[in-house]
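Peer 1: here is a sequence together with a model predicted from it:
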Amino acid sequence: MKTLSENVSFGGVQGVHSHASTACNCDMTFGLYLPPEAQSGPVPLLWFLSGLTCTHENAMTKAGAQAFASEVGVAVVFPDTSPRGDGVPDADDFAMGQGAGFYVDATKGKWAKHFKMWSYVTDELPALLAENFPLDMDRQAITGHSMGGHGALTIAMNLPDRFRSVSAFAPMANTLDSDWGKPQLTAYLGEDREKRRKHDASVLVEERGFRGPMLIDQGTDDQFLDLLKPEALASAIARRRQPATFRMQKGYDHSYFFVSSFIDDHMALHAEALWA
Ligand SMILES: N[C@@H](CCC(=O)N[C@@H](CSC=O)C(=O)NCC(=O)O)C(=O)O
């Protein structure tokens with residue numbers, strides 16, 4: 001692992017690190033914020049998964065998570081959203097290829113060699129973090145934006161013992177039946193709808209649910225509302241009677257201005273679960 005940069009932030013340190021990834025068959029870069037408490041012992045960890053076109057940098061610089069993370073003594077990791085590099089396949093559509101890993105392990109065609117973001121985020125990166133940083137991996141929580149909201153919800157519900165709390169900002173909520181999800185996951189995983197069910201947040205909420213706190217924020221003026229399908233997730237929450245807070249935030253769009261407006265609420269939810 002190589003440290004690319006370190007900046008003091010709210011008394012803690014915002015680092016950027018890179019490493020050779022076995023899962024993705026390329027070098028990967030991630031951001032990790034360590035609060036001041038990390039200087040005296042392991043701290044809990046919050047995952048922030050980002051959306052289409054993002055690198056590790058977007059949420060790290062625009063979500064505004066560090067102030068609250070410092071206050072409550074929680075580390076935040078910002079992984080990249082896909083494998084990258086000259087040898088890694090890409091697509092003209094920004095919703096496919098580099099910047100659009102969808103947090104799945106691709107099994108089909110040219111994508112299969114590198115696009116293993118599920119394994120990267122659930123196995124390889126946690127192991128690397130545990131080995132190299134003062135983190136208490138028994139206390140983890142997860143959040144994300146858009147494609148990253150889809151990742152946060154689907155990973156949390158597929159790994160029910162790992163995360164104490166889950167939240168999402170404008171998540172892609174119904175990847176089985178949306179143009180943000182269906183074409184991409186079909187290319188990555190194949191035509192078999194059954195294989196794609198474990199990557200649909202609404203299906204998972206209805207069939208499995210989540211036993212910890214869940215918070216979803218969605219802007220009413222989001223330019224991608226028809227692709228995100230928040231109504232599918234809200235209906236699934238209601239059908240399962242899943243304890244959750246689902247808020248339609250009047251006037252907000254899909255940008256990081258929306259994310260940073262509500263990040264403190266999400267951080268507070270996760271901090272309470274992580275320090276309980
Ligand atoms: N360039 C695209 C818009 C891409 C976009 O809005 N990406 C969002 C995530 S969308 C879902 O995953 C994002 O987070 N962008 C990075 C940022 O810093 O804002 C277009 O032209 O429509």
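Peer 2: Thanks, I have it.

Peer 1: for R139, what are its contacts?
Peer 2: Residues near R139 by C-beta atoms under 8 Å, 6 or more residues apart in numbering: 44-45, 164, 274-275. Every residue, glycine included, has its C-beta placed from N, CA and C.

Peer 1: top of those by neighbour count?
Peer 2: L45 (26 neighbours; other C-beta atoms under 10 Å).

Peer 1: bridged to it, which residues?
Peer 2: Bridge pairing for L45 (DSSP bridges) gives the partners A75, Q140.

Peer 1: what separation do you get for it and K195?
Peer 2: Per C-beta to C-beta, to the nearest Å, L45 is found 29 Å from K195.

Peer 1: again with A75
Peer 2: A75 is 33 Å from K195, by C-beta to C-beta.

Peer 1: now M137
Peer 2: Distance, M137 to K195, using C-beta to C-beta: 29 Å.

Peer 1: on that earlier part again, out of A75 and K195, which sits in the more crowded spot?
Peer 2: Taking other C-beta under 10 Å, A75 and K195 do not tie; A75 has more neighbours (27 against 15).

Peer 1: tell me the contacts of S202?
Peer 2: S202 is in contact with 173-174, 229, 232-233, 235-236, counting by C-beta under 8 Å, 6+ apart.

Peer 1: repeat that with 10 Å
Peer 2: Counting by C-beta atoms under 10 Å, 6 or more residues apart in numbering, S202 makes contact with 153, 171, 173-177, 229-237, 239.

Peer 1: any idea how far the helix or strand where it lies is from the middle of the chain?
Peer 2: For S202, the host element (DSSP states H and E) is helix 201-207. Relative to the centre of its chain, helix 201-207 is centred 17 Å away, using C-alpha atoms, centre = their mean, to the nearest Å.

Peer 1: what about that helix, near the ligand?
Peer 2: No - Helix 201-207 stays clear of the ligand (C-beta under 6 Å from any ligand atom), getting no nearer than 13.1 Å.

Peer 1: does the helix or strand that comes right after that helix reach the ligand?
Peer 2: Sequence order places strand 214-219 as the next helix or strand after helix 201-207, per DSSP H and E. No - against the ligand, strand 214-219 shows no contacts by C-beta under 6 Å from any ligand atom, the least distance being 12.2 Å.

Peer 1: from the contacts of S202, which ones fall inside helices?
Peer 2: Mapping the contacts of S202 onto helices (DSSP state H) picks out 153, 230-237, 239.
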